[in-house]
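Participant: Quick one, fold the following:
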Amino acid sequence: MLKYNDALTTILDRVAPLERKRLPLEECLGLVLAEDVAAEENIPCFDNSAMDGYALRAEDLAEAAAESPAALRVPERVPAGQKPAFDVKPGTAIKVMTGGMIPAGADAVMPVEHTEDVGETVLIKRSAKPRENIRPAGEDLKKGEPALSAGTELNSYRLALLAAVGAAEPLVHPPPKVAVLSTGSELLPVKASLEAGKVRDSASMAVLAQLREMGAVPMRAGIVRDVQSEVESRLAKLAESADAIITIGAVSMGDYDCVRPAVEKLGEIIFWKVAIRPGSPFLFGRLRGKWFFGLPGNPTSAMITFEMLARPGLTKMMGKASTRRMVERAISEASIQDRQGRRSFIRGVCVSNGRLLKAKPVGLQGSGLHKPMAQANCLMVVPEDVAEIKEGDEVEVLRLDT
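Facilitator: Next up is the predicted model:
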């Protein structure tokens, strides 16, 4: 069996980002920009007002005060989005709205709070400084200035910046379409009534959600029986439309475990079995030119091997520089006994106590159990060469809640 780090390195060394493509900006949240984007014009492209008020000449207000306001004629009132028709001349002011274009001749904006509108005249009750409340053209970005660089992950604020510079269809690494196929003649749909020897297909529900959570596009492929010809047929069909394929179950050494021979027939097995607990029968390979991740069938094993092995590979397909969740150091609040030789991922709960992070196992650790995984917000990592973590020892934790 491969050690965990060797298995992860093998995946990350082989997987590459998907071919770049242009997508509508509203579809790019969480994706990685694949080109440098610069401003093609000044942003904003004109001097504009930072306040609702009056655009005027500061020198006209040299003597203005509350007890002796300056009276200026108002030839025009300009809503936002409209170009002023008049210039500001000595003794005049033009009313402008926030974001509105500053008329020629004006060098300041007086907020309405310090004015009194008396029809065709406005009374200004204090003096102004040149450039006061004026946002200059190019204040945000000057023409030719870089906005975002290739490799930037796009969040909501960066999407707004791209919108401001007119990048309506940026070049990005698209999200992978990932088919998820559950294997097992014992599996039933979630809404089905249980019967002897059968279980509901719960693991795929988690994996599909994990894919959505990371920004991939999940493709539910349903359930296939433990029949070799059916498994091969379904996998070959999925490879026609998916960028990657995930199966759940049938990757171990049971009499009806059909996935490994199917991958051997249709593609290539790169490695099988990893020295981890739970989830050692994990399989990584290629199938009809698509990346293949074979997860074990036990629910917790499927969820953890997805987190620790499949997720990093799929994240790299998205062009992201960071492929793993946040890893921190914590103080163990319990002793953990383990068998050496495999890296163990203990379902746990970690809490911050001031600047100190503490963690402890939660529930039983069986790979077929759902509740401990549902309660966990971290995985406590026990390295291959460690037989015991004592209470008070420092332990690595992988955060599931960040």
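Participant: Direction included, what does the helix or strand where residue 223 lies pair against?
Facilitator: According to DSSP states H and E, residue 223 maps onto strand 217-224. Sheet pairing for strand 217-224, assigned by DSSP bridges, gives strand 177-183 (parallel).
Participant: Outside of the strand it pairs with itself, list whatever touches it.
Facilitator: Under the contact criterion CB atoms under 8 Å, 6 or more residues apart in numbering, strand 177-183 has outside partners 201, 203-204, 207-208, 211, 216-226, 231, 234-235, 238, 241-250, 258-259, 297, 314. For glycine as for every other residue, the C-beta is placed from the backbone atoms N, C-alpha and C.
Participant: Next: stretch 125-142.
Facilitator: Outside stretch 125-142, the residues touching it (CB under 8 Å, 6+ apart) are 39, 42-51, 53, 56, 58, 61-66, 69, 102, 106-111, 114-116, 147, 164-165.
Participant: And for the closest residue to residue 190 other than its chain neighbours, the neighbour number?
Facilitator: Excluding the flanking residues, the one nearest residue 190 by CB to CB, 6 or more residues apart in numbering is residue 200, at 5.3 Å. Neighbourhood size, residue 200 [other CB atoms under 10 Å]: 16.
Participant: and residue 200, what does it touch?
Facilitator: So residue 200 contacts 187, 188, 189, 190, 192, 194 (CB under 8 Å, 6+ apart).
Participant: rerun at 10 Å
Facilitator: 186, 187, 188, 189, 190, 191, 192, 193, 194 (CB atoms under 10 Å, 6 or more residues apart in numbering).
Participant: Tell me how far it lies from residue 348.
Facilitator: 26 Å (CB to CB, to the nearest Å).
Participant: thinking again about what came up before, of the contacts of residue 200, closest to residue 80?
Facilitator: The shortest gap between residue 80 and any of the contacts of residue 200 belongs to residue 190, at 52.1 Å (CB to CB).
Participant: Next up, the contacts around the closest one.
Facilitator: 200, 201, 202, 204, 205.
Participant: redo that, cut-off 8 Å
Facilitator: 200, 201, 202, 205.
Participant: again, but for residue 124
Facilitator: 54, 56, 61, 64, 69, 70, 71, 72, 93, 110, 114, 115.
Participant: how many other residues sit next to the nearest residue to residue 47 once chain neighbours are set aside?
Facilitator: Spatial nearest neighbour of residue 47, chain neighbours left out: residue 102 (4.1 Å); criterion: CB to CB, 6+ apart. Neighbour count for residue 102, taken as other CB under 10 Å: 24.
Participant: so residue 102 makes contact with residue 55?
Facilitator: Yes: under the criterion of CB atoms under 8 Å, residue 102 makes contact with residue 55 at 5.4 Å.
Participant: Give me the common contacts of these two.
Facilitator: 49, 96, 109.
Participant: Just give me the closest of those to residue 175.
Facilitator: Looking across these and measuring by CB to CB, the closest to residue 175 is residue 49, at 40.9 Å.
Participant: what number of residues lie near the closest one?
Facilitator: 25.
Participant: Tell me, what's the model's pLDDT at it?
Facilitator: We have a pLDDT of 97 for residue 49.
Participant: hang on, it packs against residue 103?
Facilitator: No: if you go by CB under 8 Å, residue 49 and residue 103 don't touch, sitting 10.0 Å apart.
Participant: Distance check, the closest residue to residue 69 other than its chain neighbours against residue 234.
Facilitator: Computed as CB to CB, 6+ apart, the closest residue to residue 69 that is not its neighbour in sequence is residue 123, at 4.0 Å. Using CB to CB, residue 123 is found at 80 Å from residue 234.
Participant: Run through the stretch 101-250 of the chain and note the low-pLDDT ranges.
Facilitator: Under the criterion pLDDT under 70, no range of the stretch 101-250 of the chain is flagged.
Participant: where exactly do the helices run in it?
Facilitator: Along the stretch 101-250 of the chain, counting by DSSP state H, counting those that start in this stretch, helices occupy 156-164, 203-214, 228-238.
Participant: what's the burial count for the closest residue to residue 14 other than its chain neighbours?
Facilitator: Using CB to CB, 6+ apart and skipping residues adjacent in sequence, the residue nearest residue 14 is residue 270, 7.0 Å away. By the criterion of other CB under 10 Å, residue 270 has 16 neighbours.
Participant: Am I right that residue 270 is in contact with residue 10?
Facilitator: Yes: counting by CB under 8 Å, residue 270 touches residue 10, with 6.6 Å between them.
Participant: list residues touching both of these two?
Facilitator: residue 284.
Participant: How far off centre is the biggest strand by length in the chain?
Facilitator: For the chain, the strand that runs over the most residues, judged by DSSP state E, is strand 343-353. On the basis of CA atoms, centre = their mean, to the nearest Å, strand 343-353 sits 23 Å off its chain's mean C-alpha point.
Participant: Stretch 200-220 too?
Facilitator: 16 Å.
Participant: cool, and stretch 141-160?
Facilitator: So, by CA atoms, centre = their mean, the centroid of stretch 141-160 is 16 Å from its chain's centroid.
Participant: returning to what we had before: next, the angle helix 203-214 makes with the strand holding residue 223.
Facilitator: 170 degrees (axes from the mean of the first three to the mean of the last three CA atoms, to 10 degrees).
Participant: hmm, who's touching strand 217-224?
Facilitator: 175-184, 187, 189, 201, 204, 207-208, 211-212, 230-231, 234, 238, 241-242.
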